[in-house]
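# Need a 3D model of the sequence below.
(4 chains)
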Protein chains: 2
Amino acid sequence: MSLSDGVLIAGTLDVLVLKALSWGPRHGYGIGRWINENTDAVLAVEEGALYPALHRMERRGWLESRWGRTELDRRAKFYGLSRKGRRQLAEQTKRWHSYSQAVSLLLQKRSA
Amino acid sequence: MSLSDGVLIAGTLDVLVLKALSWGPRHGYGIGRWINENTDAVLAVEEGALYPALHRMERRGWLESRWGRTELDRRAKFYGLSRKGRRQLAEQTKRWHSYSQAVSLLLQKRSA
DNA sequence: CGGCATACCTTGACAGCTTAGGTATTAGCG
DNA sequence: CGCTAATACCTAAGCTGTCAAGGTATGCCG
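Numbers count the residues shown, from 1 in each chain, chains lettered A, B, ... in the order given. A predicted model of the protein is given here:
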């Protein structure tokens, strides 16, 4: 956690998952890979963070899941955005932008 | 915590504090106010997060503290950056930029 | 005198990430 | 044929950090 040691800042995983699903359903393992690949591994999502997050988000009604088969014909659980999830994606994206912009501006102030 | 409810993303407080001190020593209360004011209250630092953070960072050798008096002639603990703290500021700033850029890019991909 | 701002602190609850395991299936290789 | 690696899922323990909610003390101002 944190900028000091960890690899993922606590609280940003959800919006990344939501975004990963905005093109349509994906299975958990694939979501993790998508995030890693699309950030040049700057963001490395641990499985121990990913799966609990998926369950959490489904419990909150942001995601819907069903079992299916991958292109490799392997058993996998596919997650899709619910209406609530889509709303969350929009809100949290906005919040991320305002938050990150605020932090970045602070950090850009030239110091002594 | 998180983008959903909280006001501060876990792990970003440290770098904000370090930055606040990059112009010279400040007391804790003033650090909190500086962050709030300079972000139009987008980032509202709770005291219950701030003071433990200061103690933590001092324990890690990033900060040095001494008691003094404010402009209002009130007793207050002033914190200043140590050499280690300055290094931390540089590192964490870099890390923040790469992290936030990665997230922002992901979120900007246009979806279906 | 009472309230508000300044300035510090701590505790308990809780969320979320990391580490470190675990299972099962399939593909590829020697 | 057996081994390893990749795919795909899951969980538990431990830790860190934030929030909510308290608390102390001082000084100013109406």
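
# make it CA atoms for all contacts and neighbour counts henceforth
Fine.

# how about stretch A:97-112, does it reach DNA strand D?
No. Stretch A:97-112 lies out of reach of DNA strand D by Cα under 7 Å from any atom of the strand, never closer than 12.1 Å.

# elements contacting the longest helix seen in chain A?
For chain A, the longest helix by residue count, based on DSSP state H, is helix A:83-108. Packed against helix A:83-108 by the contact rule (3 or more Cα pairs under 8 Å, 6 or more residues apart in numbering or on different chains; DSSP states H and E) you find helix A:13-20, helix B:13-20, helix B:83-108.

# what about 7 Å?
The criterion is 3 or more Cα pairs under 7 Å, 6 or more residues apart in numbering or on different chains; DSSP states H and E, and the helices and strands that helix A:83-108 contacts are helix A:13-20, helix B:83-108.

# Pick the most deeply packed of those helices.
Each of the helices and strands packed on helix A:83-108 was assessed for mean neighbour count using mean count of other Cα atoms under 10 Å in any protein chain shown. The highest is helix A:13-20, with a mean of 24.

# What parts of chain A come near DNA strand D?
On the criterion Cα under 7 Å from any atom of the strand, DNA strand D has as its neighbours in chain A the residues A:1-2, A:27-30, A:47-49, A:51-52, A:70-78.

# Can you turn the buried part of those residues into a ChimeraX selection?
Once 16 or more other Cα atoms under 10 Å in any protein chain shown is used to decide burial, the buried members of the residues of chain A next to DNA strand D can be selected in ChimeraX as follows:
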select /A:2,27,28,76,77,78
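
# ok now the longest helix of chain A, how far from the chain's centre?
In terms of Cα atoms, centre = their mean, to the nearest Å, the centre of helix A:83-108 is found 13 Å from the chain centre.

# Next: stretch A:29-40.
Relative to the chain's own centre, stretch A:29-40 is displaced by 9 Å; criterion: Cα atoms, centre = their mean.

# Flag every buried residue along it.
Judged by neighbour count using 16+ other Cα under 10 Å, the buried positions of stretch A:29-40 are A:Ile31, A:Gly32, A:Trp34, A:Ile35, A:Asn36, A:Thr39.

# Show me the shaky parts of chain A.
Residues of chain A meeting the criterion pLDDT under 70: A:1-2, A:4-6, A:111-112.

# out of the helices and strands packed on helix A:83-108, nearest to A:Glu58?
Nearest to A:Glu58 among the helices and strands packed on helix A:83-108 is helix A:13-20; the distance by Cα to Cα comes to 11.1 Å.
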